[in-house]
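Colleague: Fold the following, please.
(chains A, B and C)
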Amino acid sequence: MYGATVEPIEDAQTDDNRLREFEARIARGEKIEPGDWMPDEYRRQLIRMISQHAHSEIVGMLPEGTFITRAPTLRRKLILLAKVQDEGGHGQYLYHAAETLGATREDMLDALLSGRAKYSSIFNYPALSWADMGAIGWLVDGAAILNQTMLAKCSYGPYARAMKRICAEENFHKRQGQDIVITLATGTPEQKVMMQDAINRWWWPTLMMFGPHDTDSPNSAVLIRWGIKTKTNDELRQMFINQTVPELLALGLTIPDPDLRYDEESGNWRIGPINWDEFWQVVKGNGPCNQERMDARRRAHEDGRWVREALAAYAEKQSGT
Amino acid sequence: MDTQWPRFIVFLQERANAPHQYVGSVHAPDADMALMNARDVFVRRPACLSLWVVPASAVLMKTAEELARETITYNREDDGAKEPYFVFYKLLEKGTLIHSGEVDAGSPAVALAAAYATDDGQTAKAIWVFPAKAARCSTSDDIQPMFAPARAKTHFRDQAEFHITTTMQQIKRGQDDDE
Amino acid sequence: MTNELHNALADYLLALADDELILGHRDSEWCGHAPILEEDIAFANIALDEIGHAGVWYRLVADLRDERPETYPDQLIYFREMADYRSAPLVELPKGDWALTMLRQYLFDALESVRLERLAASAYPPLAEADAKIRTEELYHLRHTTAWVRRLGLGTEESRRRMQAALETLWPYALQMIEQPSAELVEAGYVPAEDDLRHAWEDMVIPHLQDSGLDVPHQTILPPFDRQRHTEHLSALLDEMQSVARLIPDARW
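Modeller: Next comes the predicted model:
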């Protein structure tokens, strides 16, 4: 018996009432904190989204990671290593946000390594040349920032705070990518060819990153209703296209889309059809690098097991148990 | 079996006279490693003067909504030997939990009751308490080796190092001149 | 400063720089593959620091050789042939398992820390200044790797076995690292003498390795050491490291 006890008051509230109060809180712009009542579906959707997001950061370290040892200047080497390290850090913040909802990192990693959990399909494409470091930074990180800026305003406090921290660091990622793209696009003819090739390969997969069209996105409505997302996939995708196309064109690069045109009336750049068959194939595990990425993660996890066990054993001995 | 090591909550002080703030957590086998991991995870960029880490299991966390649903019964005679507890409040909707001081209490629940009874406690969105002795805190001797190095490394990690907007404007202007 | 002294100091610093670069490169190979996420981030910090320190030393070499400090480091890193590298075998060895990686880093950090402590008093002012910047980072590395060595040595049967194996592999290479600098550099007070370094280093690492449950190998005859000769591992490492930079002549990256 401790000096004080904390006990639930007899609670006659029905779940309907609670749901109404919960939705009213979100409508008032309040942040939900761990411990607050929340619908099971809210918790489930958040754990799904946040852990997928965390996995994407960790798997996302791999394609760029292969160029750390090949970065062509000392400065680029430091920048790229710091960037890939940041991605690990962002994964770490995100796993923590999911942990506040009761998920454990052990379970989340198990879901990733056993293939049950998904991660952003973009990281199943290969990084083939140094120009890809520019394309990934500008396109992939640029797209991610739009999504993350939205999520920094989301209704779940720990997720919003993690996103705020991530957004502050992510701008560096995009800019170092732009810096590479500008350098190559204004460099030698061979460098321009390299850069164009990278844009050609990363353009469409980046557009797919925003997810299916709103009409085919089953989770969208509930995510918006509960303030997890505040913009739809198509809205974010259009923002990205509008901000990126003119910049790439200004650099003398082209967009690999014969249907691309500027719509004077709406002020939007209109794109041709997205190949959703390819998207679903990659999501289902049949992308160019799915197997490689998972193998790398599993190997690191298994090779590291004795290390984690050793430190746990040492801690146990020290605590005298 | 969980092979990811226990979790330690991390609190970070950005500058002198600013309170420690809850920033996240790290997995670590013990408190010493937790402090180092916190440094590597949360101080890749500058602005840190002090870190505290505390086992997640040692922190009593309650939101305002939980406290409204629960009653706190205070039994003076059952109170154990008093020790200092750190108190954290979340006062702003968009903010995080901020260190507000210490209370002496004989148990986590008593510390929570005392923290709740204050003006800040009544308006806080969330209250956390944990015994001071459960925390591992960096010291002033740690500032130089642990937190100073990040200041020397901004040249490759800072977005301000890349002058993209200006460069793009120059490129676009150059094209206009050509036409 | 005489020309010979200039050249000798440049050679000395070039060896320091090459060691830091190659070790940092090896460390960076773990990025995304370390045993647990927190350590992945922590070890990337160490890799970043080592590569950064290489840059500091290369810039001093540039000054001593009247080269441009903005461009000379990249020339040295990306356009030097293997025969002109001055790195030691200890840092060239492949990354191995986590025990080898961590123990190598520890042995290197310990040597760095005793050397940097002495270089702070170097009679060559730019060296003493650069030293001050690097030393705080190295102190933290040493703290990190010291804690790791102890935990791996005293952790499980498997971790002790791996650490012992790593120690037997690395020990002769680590001893090699403490070389006799040219007499004129020591006399001028630019750099510390070899026996002073050796004692300080051994006083630091031997008790810690023993406290960590490891048997320190007895090595009385040191293998001959020549920084102009390399392990075969360096060749593959340089091929990879220099591949993009050499792709297109005269390109800027």
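Colleague: Would you mind listing what in the stretch 101-250 of chain A touches chain C?
Modeller: If contacts are counted using C-beta under 8 Å from any C-beta of the partner chain, the residues of the stretch 101-250 of chain A sitting beside chain C are A:Arg105, A:Trp130, A:Ile180, A:Thr183, A:Leu184, A:Gly187, A:Thr188, A:Glu190, A:Gln191. For the C-beta atoms, the positions are set from N, CA and C on the backbone; glycine is no exception.
Colleague: got the buried residues for the strand or helix carrying the third one?
Modeller: Under the criterion DSSP states H and E, the helix or strand holding A:Ile180 is helix A:157-185. Of the residues in helix A:157-185, those buried by neighbour count under the rule 16 or more other C-beta atoms under 10 Å in any protein chain shown are A:157-167, A:169-185.
Colleague: now that helix, how far from the centre of its chain.
Modeller: Using C-alpha atoms, centre = their mean, to the nearest Å, the mean C-alpha position of helix A:157-185 is found 12 Å from that of the whole chain.
Colleague: so what secondary structure elements neighbour the next helix or strand after it?
Modeller: Moving toward the C-terminus from helix A:157-185, the first helix or strand encountered (DSSP H and E) is helix A:189-209. With contacts defined as 3 or more C-beta pairs under 8 Å, 6 or more residues apart in numbering or on different chains; DSSP states H and E, the secondary structure elements packing on helix A:189-209 are helix A:131-135, helix A:141-151, helix A:157-185, helix A:233-250, helix A:276-281.
Colleague: Now render those as a markdown table, adding mean pLDDT.
Modeller: Conversion of the helices and strands packed on helix A:189-209 to a markdown table gives the following (pLDDT from 0 to 100):
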| stretch | mean pLDDT |
| --- | --- |
| helix A:131-135 | 98 |
| helix A:141-151 | 96 |
| helix A:157-185 | 96 |
| helix A:233-250 | 97 |
| helix A:276-281 | 95 |
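Colleague: all helices of chain C, in order?
Modeller: Along chain C, the stretches classed as helices by DSSP state H are C:3-28, C:37-64, C:72-79, C:89-92, C:98-119, C:125-153, C:157-176, C:183-187, C:194-211, C:232-241.
Colleague: In the stretch 101-250 of chain C, where is pLDDT below threshold?
Modeller: Per-residue confidence of the stretch 101-250 of chain C (counting by pLDDT under 70) places the weak regions at C:220-223.
Colleague: Tell me the residues of chain B that contact chain C?
Modeller: Chain B comes close to chain C at residues B:4-5, B:26-29, B:32-33, B:36-37, B:40-41, B:44, B:144-146, B:148-149, B:152-153, as judged by C-beta under 8 Å from any C-beta.
Colleague: Buried subset of the residues you listed as a ChimeraX selection?
Modeller: To isolate the buried members of those in ChimeraX, using 16+ other C-beta under 10 Å:
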select /B:4,5,26,27,28,29,32,33,36,37,40,41,44,145,146,148,149,153
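Colleague: So which of the residues of chain B next to chain C are in strands?
Modeller: B:Val26, B:His27 (DSSP state E).
Colleague: hmm, back to that, do the helix holding A:Ile180 and chain B meet?
Modeller: Yes. Residues of helix A:157-185 contacting chain B under C-beta under 8 Å from any C-beta: A:157, A:160-162, A:165, A:169, A:171-172, A:175-176, A:178-179, A:182.
Colleague: which residues in chain B form strands?
Modeller: For chain B, applying DSSP E gives strands covering B:7-13, B:21-27, B:50-55, B:60-63, B:70-74, B:83-90, B:98-105, B:126-131, B:136-137.
Colleague: weakest of the ones you listed in terms of mean pLDDT?
Modeller: Ranked on mean pLDDT, the bottom entry among these is strand B:70-74, at a mean of 70.
Colleague: How about residues contacting stretch A:296-306?
Modeller: The list of residues contacting stretch A:296-306 from outside it, by C-beta atoms under 8 Å, 6 or more residues apart in numbering or on different chains, reads A:58-59, A:62, A:109, A:112-113, B:3, C:32-36, C:97-98, C:156, C:158-159, C:162.
Colleague: Quick check, pLDDT for C:Ala8.
Modeller: C:Ala8 is assigned a predicted lDDT (pLDDT) of 95.
Colleague: Count the neighbours of the spatially closest residue to it that is not a sequence neighbour for me.
Modeller: Here the nearest residue to C:Ala8 in space, its sequence neighbours aside, is C:Ser182; by C-beta to C-beta, 6 or more residues apart in numbering or on different chains that works out to 4.7 Å. Using other C-beta atoms under 10 Å in any protein chain shown, C:Ser182 is surrounded by 18 other residues.
Colleague: How about C:Trp57?
Modeller: Neighbours of C:Trp57 under the rule other C-beta under 10 Å: 23.
Colleague: which residue packs closest to it, ignoring adjacent ones?
Modeller: The spatial neighbour of C:Trp57 that comes closest, neighbours along the chain excluded (C-beta to C-beta, 6+ apart), is C:Ala17 at 3.5 Å.
Colleague: how close does the one you found sit to chain B?
Modeller: With distances taken as C-beta to the nearest C-beta, to the nearest Å, C:Ala17 is found 18 Å from chain B.
Colleague: before we move on, what about C:Trp253?
Modeller: Computed with C-beta to the nearest C-beta, the distance linking C:Trp253 and chain B is 14 Å.
Colleague: ok, now A:Val283?
Modeller: Separation of A:Val283 from chain B (C-beta to the nearest C-beta): 27 Å.
Colleague: do A:Trp130 as well
Modeller: Summarising the geometry, the distance separating A:Trp130 from chain B, computed by C-beta to the nearest C-beta, is 17 Å.
Colleague: List the contacts of that residue.
Modeller: Contacts for A:Trp130 (C-beta under 8 Å, 6+ apart) come out as A:Phe67, A:Arg70, A:Ala71, A:Pro72, A:Ile180, A:Leu184, A:Met194, C:Val244, C:Leu247, C:Trp253.
Colleague: can you pull the buried residues of the helix of greatest length in chain B?
Modeller: Taking residue count as the measure and DSSP H as the definition, the longest helix of chain B comes out as helix B:164-178. By neighbour count, and taking 16+ other C-beta under 10 Å as the criterion, the buried residues in helix B:164-178 are B:Ile164, B:Met168, B:Ile171.
Colleague: cool, and stretch A:273-286?
Modeller: Neighbour counts over stretch A:273-286 (16+ other C-beta under 10 Å) mark A:Ile274, A:Phe279, A:Val282, A:Val283 as buried.
Colleague: looking at this, the first one is in a strand?
Modeller: Right, A:Ile274. No. Using DSSP: H, G, I helix; E, B strand; the rest coil, the assignment for A:Ile274 is coil, not a strand.
Colleague: Please identify the residue of the stretch 1-150 of chain C positioned nearest to chain A.
Modeller: Nearest to chain A, among the residues of the stretch 1-150 of chain C, is C:Pro35, at 2.7 Å (C-beta to the nearest C-beta).
Colleague: That should have said the stretch 51-200 of chain C, apologies.
Modeller: Here the residue of the stretch 51-200 of chain C nearest chain A is C:Gly155; by C-beta to the nearest C-beta that distance is 2.8 Å.
Colleague: And that residue, how far from A:Phe172?
Modeller: Using C-beta to C-beta, to the nearest Å, one gets 37 Å for the distance from C:Gly155 to A:Phe172.
Colleague: Repeat that for A:Lys192.
Modeller: Relative to A:Phe172, A:Lys192 is positioned 25 Å away (C-beta to C-beta).
Colleague: What count of nearby residues applies to the residue nearest to C:His233 when sequence neighbours are not counted?
Modeller: With C-beta to C-beta, 6+ apart as the measure, C:Glu92 is the residue that lies nearest to C:His233, at 4.9 Å, once sequence neighbours are left out. The burial metric for C:Glu92, expressed as a neighbour count using other C-beta under 10 Å, is 24.
Colleague: Now for C:Glu92: which residues touch it?
Modeller: Taking C-beta under 8 Å, 6+ apart, we find C:Glu92 in contact with C:Ile22, C:His230, C:Thr231, C:His233, C:Leu234, C:Leu237.
Colleague: before we move on, the earlier item: got the buried residues of stretch A:273-286 as a markdown table, with distance to A:Gly142 columns?
Modeller: Formatted as a markdown table, the entries for the buried residues of stretch A:273-286 read as follows, by distance: C-beta to C-beta, whole Å:
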| residue | distance to A:Gly142 |
| --- | --- |
| A:Ile274 | 17 |
| A:Phe279 | 19 |
| A:Val282 | 20 |
| A:Val283 | 21 |
